[in-house]
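Trainee: what follows is a predicted structure for the sequence shown.
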Amino acid sequence: MHSTRSRQAFRGIVAVLLICLPSIVGQAADPQPPARLRRPVALVLAEKWLFVANRTAGTVSVIDTDKGRVIGESEVCRKLADLAATPDGKRLLAVDEDAAELIVLNRSGPALEVAGRVTVGQSPVSVRPLADGRRCTVASLWARELAIVDLAAQDRSGQPSIKKVVELPFSPRQQIQVPDTDKIVVADAFGGKIAVVDVARGIVESVRSLPAHQIRGLAWDATGKHLLISHQVLHADAHTTQADIHWGNLIVNYVRSVSRANLLKADADLLEGGRQLPLGDVGHGTGDPAGLAVTVDGTSVVALAGVGEVAIRTANKGDWAYVVVGQRPTAVALDAAGRRAFVADTFADRVTVVDVIGKKKDIDIVLGAQPKLSDADHGELLFYDARLSHENWLSCSSCHVDGHTNGQLNDNLSDGSFGTPKRVLSLLGVKDTPPWAWNGGIADLKDQVRKSMEITMRGPKATDQQVHDLEAFLKTLVPPPPLRAETAATRDGLQRGKELFRQQGCTSCHVPPAYTSAKTYDVGLADEAGTKLFNPPSLRGVGQAGPYFHDNRAATLEDVLVAHRHQLKKELAREELADLLLFLRSI
């Protein structure tokens, strides 16, 4: 015990030194920040200082907004996914996606100091302090959890503590507190589900679905009566033709308002009493709306990540005005007066300041030099770039959200026909799963990339270098982690489930270790054109997917085995079904 406490104390001292050193050095010499990829993804404005969370570098850059320049950069963690401030502004809260930690930072002016940390669920991606300043909630993507954290415990023991962990039926990302309540709204990272969590009771009150995917912005309007949501909609009955993309029939980008009253009433229709504000217009697509903020007078500011723009709309009137800012703007922070918007320009490693009143760009603040980009780095830029599609309506990530899947149906020519919409497949771990497409008709990943760019997105003719770079990026994507890792308590059941998987003949199509195969099989399903031969998708991370089958006919893994009895040789007893599901969720 003594050695453990010593290690923790030493770790805290090192963290404090790393946090403080850049600011101290900056006062004396104001050195140039080192060249590295920062990838800013979150912003916190406190007094005149803007704190910028750099995801790839794991650092926080500090900007003096009066002078418009970086005054320091602090090492915080390995992969910084989000940053938020407590209501009094005295503490910043950060989450380390790689280490699965919440980190509490004390703030004094522009200086930060690590004050405590606590382990949370796998892949924390957002943190929100509650209005009382004594608690916060942390959403963990792959763990599908919302942790309720007691920040006041830090005053007693030196560390924050987990009060309760709430399981969610989807992978979360964005979250926001309902004003004057003890409730948190949590949004689906990939699809369109919305959950309301009662923090005081530690329960999920309701889960409902919107006709939406890739929810990337949540903000209350100036009245607090409507929640604004930035998202996309993919229409399964539209085709990936130039005409359908041009008219916004295939994929549409929106800011949707949802009535607070309906949101808090579990049986109410979420769409009733709300509005849909389309972003973009014919000839001017606005792929991948992201961060969203609202000024005190009700003006909305939306980052359009796929097209390098910011959209601004005066409260309840007029059309959107579009301001070009750079490469993949993702997060927005407003000054107190709502006159300036600070925009995290993720791929450019800079913060752009936008004049909200004049609806124009003011200045760019470069966070530091970038190193030479690798082919995969260039491919990442392309993957998230909607300007590769016809009239900028969609990027690769619009359907394959962050490389995964939006869970929607898309009618494209990947299987050689229209009128046969199929579920968008995850690209996580795609390098290990040839051939590609539902019919297994594409043997070379480069051919799949080129076909997606030119035939699905209907963009300009792809260059060989673009195809090469995109392929290089796709090969860096690892499979999603298991939904439920093996523990001592589940080990026996998991082994029984693994044996059932073999006995039922599942390994004939889903061959370990990739849990797929190169052949096509008739498993008793057919699409609208009568096609019955399908290439089996990989089952790695299958618990993180859903719905299932080519046409989404099975909502859950239980439905695959119970409602559809997919390829089962015999009826499973309740205990056998539990064991098999346990194994599937561990892959």
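Mentor: Done, it's in. Residues are numbered from 1 along each chain as shown.
Trainee: what ranges do the strands span in the stretch 201-350 of the chain?
Mentor: Along the stretch 201-350 of the chain, counting by DSSP state E, counting those that start in this stretch, strands occupy 203-209, 213-220, 226-234, 251-259, 275-279, 289-294, 300-304, 309-313, 321-324, 329-334, 340-345, 350-355.
Trainee: so how far is stretch 59-77 off the chain centroid?
Mentor: On the basis of C-alpha atoms, centre = their mean, to the nearest Å, stretch 59-77 sits 25 Å off its chain's mean C-alpha point.
Trainee: report the buried residues of it.
Mentor: The neighbour-count criterion (16 or more other C-beta atoms under 10 Å) identifies 59-63, 65, 70-77 as the buried residues of stretch 59-77. Glycine gets a C-beta too; all of them are placed from N, C-alpha and C.
Trainee: for stretch 567-581, same thing?
Mentor: Buried residues in stretch 567-581, counted by 16+ other C-beta under 10 Å: 567-568, 572, 576-577, 579-581.
Trainee: try stretch 91-101
Mentor: The neighbour-count check on stretch 91-101 (16+ other C-beta under 10 Å) flags 91-97, 100-101 as buried.
Trainee: and which of the residues you listed is nearest Asp492?
Mentor: Ala100 (26.4 Å; C-beta to C-beta).
Trainee: quick one: pLDDT of the closest one?
Mentor: You'll see Ala100 listed with a pLDDT of 98.
Trainee: show me the contacts for it.
Mentor: When contacts are counted by C-beta atoms under 8 Å, 6 or more residues apart in numbering, Ala100 is found next to 119-124, 140.
Trainee: same deal with Val255?
Mentor: For Val255, the contact set (C-beta under 8 Å, 6+ apart) comprises 217, 228-230, 276-277, 279, 289, 292, 300, 302.
Trainee: can you check Leu141 too?
Mentor: Remark: with contacts taken as C-beta under 8 Å, 6+ apart, Leu141 is in contact with 97, 122-125, 171-173, 189.
Trainee: nearest to Phe501 among the buried residues of stretch 567-581?
Mentor: Comparing those against Phe501 with C-beta to C-beta places Leu580 closest, at 6.4 Å.
Trainee: with just CA atoms, put the helix or strand encompassing that closest one into PDB.
Mentor: Here Leu580, judged by DSSP states H and E, is contained in helix 574-584. Written as PDB, here are the backbone C-alpha positions of helix 574-584 (Å, rounded to 0.1, in the frame of the first residue of the first chain):
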ATOM      1  CA  ARG A 574     -32.400 -19.700 -21.800                       C
ATOM      2  CA  GLU A 575     -29.000 -20.400 -20.200                       C
ATOM      3  CA  GLU A 576     -27.400 -21.400 -23.500                       C
ATOM      4  CA  LEU A 577     -28.700 -18.200 -25.200                       C
ATOM      5  CA  ALA A 578     -27.200 -16.100 -22.400                       C
ATOM      6  CA  ASP A 579     -23.900 -17.900 -22.800                       C
ATOM      7  CA  LEU A 580     -23.800 -17.400 -26.600                       C
ATOM      8  CA  LEU A 581     -24.700 -13.700 -26.300                       C
ATOM      9  CA  LEU A 582     -22.000 -13.300 -23.700                       C
ATOM     10  CA  PHE A 583     -19.400 -14.800 -26.000                       C
ATOM     11  CA  LEU A 584     -20.600 -12.700 -29.000                       C
END
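Trainee: show me what it is packed up against.
Mentor: Judged by 3 or more C-beta pairs under 8 Å, 6 or more residues apart in numbering; DSSP states H and E, helix 574-584 is in contact with helix 491-503, helix 557-561.
Trainee: okay, buried residues for stretch 331-342 please.
Mentor: Residues 331-335, 338, 340-342 are the ones in stretch 331-342 that count as buried (16+ other C-beta under 10 Å).
Trainee: save the residues you listed as a markdown table, and put in pLDDT and distance to Val178 too.
Mentor: As requested, the buried residues of stretch 331-342 are arranged in a markdown table below (pLDDT from 0 to 100; distance: C-beta to C-beta, whole Å):
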| residue | pLDDT | distance to Val178 |
| --- | --- | --- |
| Ala331 | 98 | 21 |
| Val332 | 98 | 21 |
| Ala333 | 98 | 21 |
| Leu334 | 98 | 20 |
| Asp335 | 97 | 25 |
| Gly338 | 95 | 22 |
| Arg340 | 98 | 27 |
| Ala341 | 98 | 24 |
| Phe342 | 98 | 25 |
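Trainee: if anything else comes up later, I'll come back, but that's it for now.
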